[in-house]
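>>> Sequence first, then the predicted structure, then my questions.
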Amino acid sequence: MKRFCLLILLVLPWSVRAAPDLPSLMAERLKCVVAVEYFTETETERRPSSAYGVVIDVRGTIILPAAAVDPRVTPSQLKEFKVYLPGDAASAAAVYLGQDALTGWHFVRVEERLRAQLVPITRFVSEGGAVEPALAEVVWGIGLRNKDEDFMPYLLQGNVALVQNLPQRTAIAQQEVAGPGLPVFNRAGGFVGLAATSFGQTFLQFSRAERGGSPTMLINVEESSAFYVASEILPYLGRVPQSVYGRPLAWLGAYGFEPMDREVAKFLKLEAQSGAVVSEVLEGSPAEKAGMLPRDIVLAIDGQALPRFKPDRVVVSFVEREVERRQPGAGLALTVLRGAERVELNVTLGDEPKLMREAARSYYDRLGFTAREFVYGDAVARRVKAADGTGVIAHFVKSNSPAFIAGLRTDDWIKEIDGVEVKTFAAATEQLAKTESDLLRAEFVLLVSRGGETAVLRVKLR
């Protein structure tokens, strides 16, 4: 009987004979996980938001996923960052450091008094470096409840169902394995990835009255089954922005990339690789200066052919990331197909023109809208030359305000005020400030452009 028991022990899998103590592993790894709360102050409200983050160094630096902050919000509108330990109602102050263009991460740094209780995620990297999870491997991670439950942590676990390049190396499990932005581990507790924004699941709904129906996309915003593998995370933890706007930002200036059509690729005998078709080359951009033309097909970067991706559209993200990982002033060698000819282009990347989130803004409560500086991106969106970018943009229009009732809407291009062309943001705000402060003023007139059409709006103030 003793020999029989010994034989059974020897043939059992190692995972059964010495299963890791997940509660102990989780208790230790919780030290690299935090919840972050902040307030967004808009023209009319102050609203709280919360996100989950991972500690990346001993200085208390934390990364939050890209979706943690509304892209229309400026850093100046982000207030009172607080960091919470899982399951703890107490908080510590933090400062917002900015967003990295390549990873999309938002960086936050907590005050010194909490740092001793935190452990960087790098502490849990397996010996020998990042290990990619295998198909069917069991992985687990952490989810956090809401603030009213003190961000109480809980365990999630699943089996890896697929690993592919999107273009980042991404694993998808059969079940949710972590909250978005939170770490994923293997059975031994080694860090294997960071949960992405949840992948939606499509369902087809049927009713008794109808046999068919429109597909419905359901998204679990609190948990994710997809995660970027550790090799896609660890090399970029040092990309802490130098400014809250994420600068410096490399700029190519090729706009509207599209994947090369498969039939075109077959005709050109390029089935083994991807290609990115340039829709537009922006005025004054590094791409234009290097000689790039619309309909050029980018085939290689720095002599390396673009990898084959599935789905085809992933190649667009790949090209964009290759630009974003570089600095302004860096060289970029592009091989493009122009007709039947291969052309070599040597691009010197520029510094991204002022972004919409960097643009100056001014709110006029009595008038009921926020005027925003016209920037390069506005010219691109409206297909006009940058030099013709006079006036201001209606960044926000308050509901039921005089401007709203007159017909002004968000993103309208204001070109004239009271019949006078406003060439600069300063000129526009000066005129609007006078109108705002003149309590005897009964109305004023705006000339606006929307979708290529022009309209005159008479704004009644009394």
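Looks like it came in fine.
>>> quick one, longest helix in the protein?
For the chain, the longest helix by residue count, based on DSSP state H, is helix 425-437.
>>> May I see the buried residues of that one?
425, 427-429, 431-432, 435-436 (16 or more other C-beta atoms under 10 Å). Heads up, the C-betas are built off the backbone N, CA and C, glycines and all.
>>> Adding distance to Leu22 and pLDDT, write those out as a markdown table.
Converted to a markdown table, these look like this (distance: C-beta to C-beta, whole Å; pLDDT from 0 to 100):
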| residue | distance to Leu22 | pLDDT |
| --- | --- | --- |
| Phe425 | 57 | 96 |
| Ala427 | 64 | 95 |
| Ala428 | 60 | 96 |
| Thr429 | 58 | 96 |
| Gln431 | 65 | 96 |
| Leu432 | 60 | 97 |
| Thr435 | 64 | 96 |
| Glu436 | 61 | 95 |
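>>> that older thread, mind listing what's buried in the helix or strand following the longest helix of the chain?
Downstream of helix 425-437, the next assigned helix or strand under DSSP states H and E is strand 443-450. By 16+ other C-beta under 10 Å, the buried positions in strand 443-450 come out as 444, 446-449.
>>> Which residue is the nearest non-sequential neighbour of the residue sitting nearest the centre point of the chain?
The residue lying closest to the centre of the chain (C-alpha atoms, centre = their mean) is Ala66, at 3.6 Å. In this structure, Ala66 finds its nearest non-sequential neighbour in Gly104, 3.1 Å apart by C-beta to C-beta, 6 or more residues apart in numbering.
>>> I figured that neighbour was touching Ala68, is that so?
No - Gly104 sits out of contact with Ala68 when judged by C-beta atoms under 8 Å, with a separation of 9.5 Å.
>>> These two - which one has more neighbours?
More neighbours surround Ala68 than the other of Gly104 and Ala68, with 22 against 17 (other C-beta atoms under 10 Å).
>>> and the more buried one, what does it touch?
Contacts for Ala68 were tallied using C-beta atoms under 8 Å, 6 or more residues apart in numbering; they are 36, 49, 51, 53, 106, 181.
>>> Who is Val36 paired with across the strands?
Ala51, Val83 (DSSP bridges).
>>> Run a quick neighbour tally on it.
24.
>>> gap between it and Ile233?
In this view, Val36 and Ile233 are 18 Å apart by C-beta to C-beta, to the nearest Å.
>>> what do you get for Thr42?
In terms of C-beta to C-beta, Thr42 sits 32 Å off from Ile233.
>>> Comparing these two, which residue is more hemmed in?
Neighbours were tallied for Thr42 and for Ile233 using other C-beta under 10 Å; the higher tally belongs to Ile233 (26 against 14).
>>> which residues does the more buried one contact?
By C-beta under 8 Å, 6+ apart, the contact list for Ile233 reads 130, 193-194.
>>> Now render those residues as a markdown table, adding secondary structure and neighbour count.
Formatted as a markdown table, the contacts of Ile233 follow (DSSP: H, G, I helix; E, B strand; the rest coil; neighbours: other C-beta atoms under 10 Å):
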| residue | secondary structure | neighbour count |
| --- | --- | --- |
| Ala130 | coil | 18 |
| Gly193 | strand | 30 |
| Leu194 | strand | 26 |
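>>> okay if I get those residues as CSV plus distance to Ala386?
Listed next are these as CSV, based on distance: C-beta to C-beta, whole Å:
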residue, distance to Ala386
Ala130, 43
Gly193, 41
Leu194, 38
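>>> tell me which of those residues is nearest to Leu78?
Leu194 (22.1 Å; C-beta to C-beta).
>>> which of the contacts of Ala68 lies closest to Lys289?
Closest to Lys289, out of all of these and judged by C-beta to C-beta, is His106, at 32.4 Å.
>>> Can you name the residues bridging to that closest one?
Legend: beta-bridge partners of His106 under DSSP bridges are Leu64, Gln99.
>>> so it touches Ala67, yeah?
No - using C-beta under 8 Å as the test, His106 is too far from Ala67 to be in contact (9.5 Å).
>>> and of the buried residues of strand 443-450, the nearest to Ala403?
Leu446 (7.9 Å).
>>> quick one, strands of the stretch 51-200 of the chain?
Ranges of strands within the stretch 51-200 of the chain are 61-64, 78-84, 91-99, 106-110, 138-144, 153-165, 169-173, 183-186, 191-195, based on DSSP state E, counting those that start in this stretch.
>>> pLDDT (mean, whole number) over stretch 25-42?
Averaged over stretch 25-42, pLDDT sits at 95.
>>> Tabulate the CA atom coordinates of that stretch in PDB.
Extracted in PDB, the C-alpha atoms of stretch 25-42 (Å, rounded to 0.1, in the frame of the first residue of the first chain):
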ATOM      1  CA  LEU A  25       0.700  35.700  -2.900                       C
ATOM      2  CA  MET A  26      -2.200  38.100  -3.300                       C
ATOM      3  CA  ALA A  27      -1.600  39.700   0.000                       C
ATOM      4  CA  GLU A  28       2.000  40.500  -1.000                       C
ATOM      5  CA  ARG A  29       1.200  41.700  -4.500                       C
ATOM      6  CA  LEU A  30      -1.600  44.000  -3.300                       C
ATOM      7  CA  LYS A  31       1.300  46.300  -2.200                       C
ATOM      8  CA  CYS A  32       1.800  47.300  -5.800                       C
ATOM      9  CA  VAL A  33      -1.800  48.100  -6.400                       C
ATOM     10  CA  VAL A  34      -3.700  51.300  -5.600                       C
ATOM     11  CA  ALA A  35      -6.900  53.100  -6.400                       C
ATOM     12  CA  VAL A  36      -6.600  56.800  -7.500                       C
ATOM     13  CA  GLU A  37      -9.400  59.300  -7.100                       C
ATOM     14  CA  TYR A  38      -9.400  62.800  -8.600                       C
ATOM     15  CA  PHE A  39     -11.800  65.600  -9.500                       C
ATOM     16  CA  THR A  40     -12.500  67.100 -12.900                       C
ATOM     17  CA  GLU A  41     -13.500  70.800 -12.800                       C
ATOM     18  CA  THR A  42     -15.400  71.800 -15.800                       C
END
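>>> change the start of the numbering to 824 and stick with it
Fine by me, first position is 824 from now on; the one you just mentioned is stretch 848-865.
>>> in it, what's buried?
Going by 16+ other C-beta under 10 Å, stretch 848-865 has these buried residues: 848-849, 852-861, 863.
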